[in-house]
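[1] The amino acid sequence is not available; the structure is as follows:
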């Protein structure tokens, strides 16, 4: 007897429907075909134990299972439930005509319980696109899958519930989640708030500009100046995610298995990989490609603390994703593209000892040591960072102040207003939403300068010996400063402020 059950495979951030064909006939043997990996090949042992422990029998016949399309590599243990239901139906232990209307996924424990799977949101989106009535999956994944409207999502805890559901012995209510209500949950009380930061008004201003235009930023300062504290608070002033951004972000985290029991992700992600991270962990990849840190930071912030301590080859692989806002991983038989539109926030000490050019420093550093330290970061990578700013230690008078600083909520209002202006400006351009994403053509169109501003920029370019890319960065940042002031045109003082934020380009910075 031949039975077809439907599952789903996730490649990149999108799912592909898999047909699990189970054929049972006279004879002995278990044959699993269709490019399964080791985890799927081992499923027969888990399925046999799960059926026996729930008073069902594993048929002693010739079983042939094909996972179509057969030329597509399948991986993971999430097909256990699909195969088990197919075996039960083919052996006549489960009789139902409804099986073909559902996507069925889940990893089986030996007692018949179900373990969570990865990519539930992508699977649910694909199931709705292809017109399936519903999806059956482990209870732990039900919140993320239920985000998809117009699809019945059933969360089950064991295989017996699935059998009883198809035979009409047990009614399971589909899980319903109001995604708009989830999305509109209060964001007014961030965990890390700028009101906790004493002093550092100029750095807060830089952070506000970076958030308003989506600009990459690097903080340079001695240990204890507050670089990490400031970076952690940047997501709290970014505009709330749109529904589309929230779905994109949730999908990536779902594929990586980072959702756990949460539903829609409404907070912008903040990723902070350690400086020992490898190239693959940062950009994604592996034998069976998974999203890396830059994709997990999509629509959020990627924080690289102590930038020069990262291996140079690790930092260099970020150059293309920073420009293209996506990363493509190529293998012999397939290519996967992950979105990676993130804000890069980096921090570094000004020298190996941390106190370069400080006459009272406890550790001194020679110019040669300083040059070797700075050479760990390539010029092309620094060119892709729009804002360079020096962070100085906070004086005691500021630390002792009891007055609360401006809160993240207040700063976010200004940032959001500037983003609204940019959204309106770029409404006719696909994939461009804020100033940092402007192409050279758009820079020429929206960053026109008057004569005074042009002369000021020309002088700065000549004195600092800036590259063409740095020229573009200054124009982008000045456009954002103008947007924060709700100014239609870029003024000379906007250019002057933007030029100040190129600290690493200044002559004499190294001594």
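    Looks like it came in fine. Since the structure is predicted, the reported quantities are computational estimates derived from the model, not experimental observations. Numbers count the residues shown, from 1 in each chain.

[2] going forward, measure contacts between C-alpha atoms and count neighbours the same way
    OK.

[3] quick one: pLDDT of residue 199?
    pLDDT, residue 199: 81.

[4] Which strand or helix spans it?
    Assessed by DSSP states H and E, residue 199 sits outside every helix and strand.

[5] Residue 114 now?
    Residue 114 is located in strand 114-115, with elements delineated by DSSP H and E.

[6] List of residues touching the helix or strand that comes right after that strand?
    Following strand 114-115 in sequence order, the next helix or strand is helix 120-129 (DSSP H and E). Counting by C-alpha atoms under 8 Å, 6 or more residues apart in numbering, helix 120-129 makes contact with 8-10, 13-17, 103, 134-135, 141, 144-148, 150-151, 250-251, 254-255, all of which sit outside it.

[7] Averaged pLDDT, the helix or strand hosting residue 456. What do you get?
    Assigned by DSSP H and E, residue 456 falls within helix 451-464. What helix 451-464 shows for mean pLDDT is 89.

[8] After it, which helix or strand is next?
    Next along the chain after helix 451-464, taking DSSP H and E as the criterion, comes helix 468-484.

[9] Now for the residue lying closest to residue 118 once chain neighbours are set aside, how many residues are close by?
    Distances taken as C-alpha to C-alpha, 6 or more residues apart in numbering put residue 257 closest to residue 118, at 4.8 Å, once the chain neighbours are dropped. Residue 257 has 16 neighbours, counted by other C-alpha atoms under 10 Å.

[10] check contacts around residue 257.
    Going by C-alpha under 8 Å, 6+ apart, residue 257 touches 117, 118, 119.

[11] repeat for residue 434
    Neighbours of residue 434 in contact, by C-alpha under 8 Å, 6+ apart: 213, 214, 419, 422, 423, 426.

[12] Out of these, which is nearest to residue 78?
    Distance ranking of the contacts of residue 434 against residue 78, using C-alpha to C-alpha, places residue 214 first at 37.8 Å.

[13] need the contact list for the closest one.
    343, 434, 435, 436, 437.

[14] same check, this time on residue 345
    216, 217, 218, 219, 231, 301, 302, 303, 304.

[15] What are the contacting residues of stretch 307-324?
    So stretch 307-324 is contacted by 275-279, 282-283, 327, 340-341, 346-348, 373-374, 376-378, 380-381, 384 (C-alpha under 8 Å, 6+ apart).

[16] Go again with 6 Å.
    Identification of contacts with stretch 307-324 by C-alpha atoms under 6 Å, 6 or more residues apart in numbering yields 275, 279, 327, 347, 348, 376.

[17] In TSV, list the contacts of residue 345 along with neighbour count and secondary structure.
    Putting the contacts of residue 345 into TSV (neighbours: other C-alpha atoms under 10 Å; DSSP: H, G, I helix; E, B strand; the rest coil) gives the following:
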residue	neighbour count	secondary structure
216	24	coil
217	26	strand
218	28	strand
219	29	strand
231	24	helix
301	27	strand
302	25	strand
303	27	strand
304	23	strand
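
[18] Which one of the residues you listed is nearest to residue 75?
    residue 302 (29.0 Å).

[19] how about the most centrally placed residue in the chain, phi and psi?
    The centroid of the chain falls nearest to residue 296 when counting by C-alpha atoms, centre = their mean (2.4 Å). Main-chain dihedrals, residue 296, degrees, to the nearest 10: phi -70, psi -20.

[20] Quick one, grab the pLDDT at it.
    We have a pLDDT of 95 for residue 296.

[21] Same question for residue 237.
    93.

[22] before we move on, what about residue 184?
    Value for residue 184, per-residue pLDDT: 64.

[23] what's the answer for the one 10 residues further on, then?
    Model confidence at residue 194, expressed as pLDDT, equals 87.

[24] Reformat the contacts of residue 257 as a markdown table; add distance to residue 471.
    A markdown table is the format used below for the contacts of residue 257 (distance: C-alpha to C-alpha, whole Å):
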| residue | distance to residue 471 |
| --- | --- |
| 117 | 47 |
| 118 | 44 |
| 119 | 42 |
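
[25] what mean pLDDT does the longest strand along the chain have?
    Looking across the chain with DSSP state E, the single longest strand is strand 14-25. Strand 14-25 comes out with an average pLDDT of 95.

[26] What is the subsequent helix or strand relative to that strand?
    With DSSP H and E, the next secondary element past strand 14-25 is strand 29-33.

[27] residue ranges with poor pLDDT in this structure?
    Scanning the chain for pLDDT under 70 picks out 179-180, 182-190, 260-262, 353-365, 400, 503, 505-511.

[28] Can you pull the domain assignment for it?
    Using automatic domain parsing, the domain parsing of the chain gives 2-177, 194-505.

[29] Surely residue 292 touches residue 284?
    Yes: using C-alpha atoms under 6 Å, residue 292 is in contact with residue 284, at 3.6 Å.

[30] Which strand or helix spans the closest residue to residue 47 other than its chain neighbours?
    Leaving aside its chain neighbours, residue 47 sits nearest to residue 84 (6.0 Å; criterion: C-alpha to C-alpha, 6+ apart). If you go by DSSP H and E, residue 84 is part of helix 80-90.

[31] Residue 285 versus residue 172, what's the distance?
    Using C-alpha to C-alpha, to the nearest Å, we find residue 172 at a distance of 39 Å from residue 285.

[32] Looking at those two, which is more packed in?
    residue 285 (19 against 15).

[33] Now do the helix holding residue 84: distance to the chain's middle.
    Centroid separation between helix 80-90 and its chain, computed with C-alpha atoms, centre = their mean, to the nearest Å, is 35 Å.

[34] just stretch 464-482 next, same as before
    Distance, centroid of stretch 464-482 to centroid of chain: 27 Å (C-alpha atoms, centre = their mean).

[35] what secondary structure does the residue nearest to residue 118 sit in?
    With DSSP: H, G, I helix; E, B strand; the rest coil as the basis, residue 257 sits in coil.
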